[in-house]
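Peer 1: Provide a 3D model corresponding to the input given below.
(4 chains)
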Number of protein chains: 2
Amino acid sequence: MGDGQPVTSDWIAGSVNTNPVVVRRLLSALAKAGLVSSIRGSAGGSVLARPAGQISLAHIHRAVDEEEGPALHNQTPNQACPVGRGIQPVLVRIIDRAEAAKEAVLATTMLSEVVAAIRAEAG
Amino acid sequence: MGDGQPVTSDWIAGSVNTNPVVVRRLLSALAKAGLVSSIRGSAGGSVLARPAGQISLAHIHRAVDEEEGPALHNQTPNQACPVGRGIQPVLVRIIDRAEAAKEAVLATTMLSEVVAAIRAEAG
DNA sequence: AGTTTTTGTAACAGTATCAATCACGATTAC
DNA sequence: GTAATCGTGATTGATACTGTTACAAAAACT
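Peer 2: Below is the predicted model of the structure:
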């Protein structure tokens, strides 16, 4: 997948020890984010849509963890209480900042570096 | 809870619109972390174990989200493949760094500031 | 053309997780 | 002693995710 050769979902599934459909679901999300492009039919598979040096872990994270709402609590707090009414926007702001810091770190690591680290680990 | 008065789980549950038992379980985790102390019996409840200016959101986050293992994937990857064998420790390292960055931001905000922000929001 | 390989997606069962709830013992104020 | 309150175990229901089967669509190869 790093080079030109398309990799099949079956191959990845064997490597990650899971089902090909699960892999295809994830690849579908990555494709929607423009990170990989999939080729159907015989001799098909998936390839990176751009060089691994231009794909950060933040890109992958965003593509896979879509998470629409902040989802602080499924139940809305009591709006009659001043605390219940005010806590939501305050916490959302802070959590957003913290999440942004996490993403900033993930943005500094490129997929190519991960691959290099794995190569180094494997000797 | 900020002042001396103990707050009951029933009161909090009414404010957050959930069940008292759910609140008590969370307070139990906070008590184990030494952030609050609970008083049983009549006229009981929970109070902060130390001033709100000395409790950061990181403390709370750590107390509530215990999360033992990194839990990258329930299924262990194929150890025969060099990628499957090497990817786990590499990703764990990076994710740990990102998580640390998130905690660092949460550590800069104290509970007292959150309370002040809520007071300001509520006018 | 027809066969084979492969993706994309729907459908479904099994499982894990979590909130909510009930229940009950332990503890403390009055 | 009575009432209030925490602590915790057990149960139920909702939600989500994984794993799996199935099948249509697409593309290569003969």
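Peer 1: Excluding covalently adjacent residues, which one is nearest to A:R62?
Peer 2: Closest residue to A:R62 in three dimensions, ignoring its sequence neighbours and counting by C-beta to C-beta, 6 or more residues apart in numbering or on different chains: A:A33, at 6.9 Å. For the C-beta atoms, the positions are set from N, CA and C on the backbone; glycine is no exception.
Peer 1: Would you check how far apart the one you found and A:A49 are?
Peer 2: Going from A:A33 to A:A49 by C-beta to C-beta, to the nearest Å gives 9 Å.
Peer 1: isn't there a helix covering A:V47?
Peer 2: No. Using DSSP: H, G, I helix; E, B strand; the rest coil, the secondary structure at A:V47 is strand, not a helix.
Peer 1: ok, now which ones touch it?
Peer 2: The neighbourhood of A:V47, defined by C-beta atoms under 8 Å, 6 or more residues apart in numbering or on different chains, consists of A:1, A:4-7, A:36-37, A:39.
Peer 1: before we move on, what about A:Q79?
Peer 2: For A:Q79, the contacting residues are A:R85, taking C-beta under 8 Å, 6+ apart as the criterion.
Peer 1: Spell out the secondary structure type for it.
Peer 2: With three-state DSSP as the basis, the three-state label of A:Q79 is coil.
Peer 1: Check the gap between A:S112 and B:V90 for me.
Peer 2: Distance check for A:S112 against B:V90: by C-beta to C-beta, it reads 13 Å.
Peer 1: Please identify which of those two sits among more neighbours.
Peer 2: B:V90 (20 against 16; other C-beta atoms under 10 Å in any protein chain shown).
Peer 1: would the more buried one count as being in a strand?
Peer 2: No. The assignment for B:V90 (three-state DSSP) gives helix, which keeps it out of a strand.
Peer 1: pretty sure it is in contact with A:E121, am I right?
Peer 2: Yes. Counting by C-beta atoms under 8 Å, a contact exists between B:V90 and A:E121, whose distance comes to 6.1 Å.
Peer 1: For the residue nearest to A:R62, the count of nearby residues, please.
Peer 2: Around A:A33 there are 16 other residues, counting by other C-beta under 10 Å.
Peer 1: For it, grab phi and psi.
Peer 2: A:A33 has phi and psi values of phi -80, psi 0 when expressed as degrees, to the nearest 10.
Peer 1: Hmm, it is touching A:H61, no?
Peer 2: No. A:A33 is not in contact with A:H61 according to C-beta under 8 Å; the separation is 10.2 Å.
Peer 1: picking up where we left off before, now do the contacts for the residue nearest to A:R62.
Peer 2: A:A33 makes contact with A:59, A:62-63 under the criterion C-beta under 8 Å, 6+ apart.
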